[in-house]
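Colleague: what follows is a predicted structure for the sequence shown.
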Amino acid sequence: AQGYPNAQYNLGVCSERGMGVDVDLVKAADYYRLAAAQGYPNAQYNLGVFHERGFGMDVNMDAAVRYYIQAADQGYTAAQYVLAERFELGYGTDKDMDKAIEYYEQAAENGDSKSLVKMGEFYEKG
């Protein structure tokens with residue numbers, strides 16, 4: 001799977017979920033890390049989740065936000081929504097409503113219904 005980020009990502013999913021192999025979150029993180037280093041947004045997002053929740057590693061919110069940003073900047077909708085929440089609430093990063101709105105808008109443009117609701121709430125409140 002070396003050099004094939006899609007295959008590395010899929011091996012990470014298999015290791016994370018125990019699909020054909022034993023569940024191994026450390027190995028899953030390793031596969032995601034390989035794919036993420038090659039710019040694979042699904043893997044970047046999953047690594048963000050792993051860092052945020054401490055799956056196969058210690059919790060590291062700085063790293064989680066970094067990986068979410070990498071995925072979001074490639075148009076990965078789930079990462080855009082999660083980042084928007086983090087910036088809105090100041091969870092794992094400084095509170096920044098401008099960035100929150102920016103990421104909610106991006107996710108809404110990609111059709112994310114939760115982001116559309118958030119944007120509606122923001123417009124209603126002014």
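Modeller: On my side now, so go ahead. Numbering: from 1, shown residues only.
Colleague: so the most centrally placed residue in the chain is in which element?
Modeller: Geometric centre of the chain, nearest residue: Tyr45, 2.8 Å, by CA atoms, centre = their mean. Assigned by DSSP states H and E, Tyr45 belongs to helix 41-53.
Colleague: residues in contact with that helix?
Modeller: For helix 41-53, the external contacting residues (CB atoms under 8 Å, 6 or more residues apart in numbering) are 5, 8-9, 12-13, 16, 25, 28-29, 31-36, 55-57, 59-61, 63-68, 70-71, 74-76, 78-79, 82, 92. All C-beta atoms are positioned from the backbone trio N, CA, C, and that covers glycine.
Colleague: for the one helix or strand in the chain whose mean pLDDT sits lowest, output the C-alpha coordinates as PDB.
Modeller: Using mean pLDDT, DSSP states H and E, the weakest-scoring helix or strand in the chain turns out to be helix 113-125, at a mean of 90. This file holds the C-alpha atoms of helix 113-125, laid out as PDB (Å, rounded to 0.1, in the frame of the first residue of the first chain):
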ATOM      1  CA  SER A 113     -27.800  20.400   6.400                       C
ATOM      2  CA  LYS A 114     -26.500  21.100  10.000                       C
ATOM      3  CA  SER A 115     -24.400  23.900   8.600                       C
ATOM      4  CA  LEU A 116     -27.400  25.300   6.700                       C
ATOM      5  CA  VAL A 117     -29.400  25.400   9.900                       C
ATOM      6  CA  LYS A 118     -26.500  27.100  11.700                       C
ATOM      7  CA  MET A 119     -26.200  29.700   9.000                       C
ATOM      8  CA  GLY A 120     -30.000  30.300   9.200                       C
ATOM      9  CA  GLU A 121     -29.600  30.800  13.000                       C
ATOM     10  CA  PHE A 122     -26.800  33.300  12.500                       C
ATOM     11  CA  TYR A 123     -28.800  35.300  10.000                       C
ATOM     12  CA  GLU A 124     -31.900  35.300  12.200                       C
ATOM     13  CA  LYS A 125     -29.900  36.600  15.200                       C
END
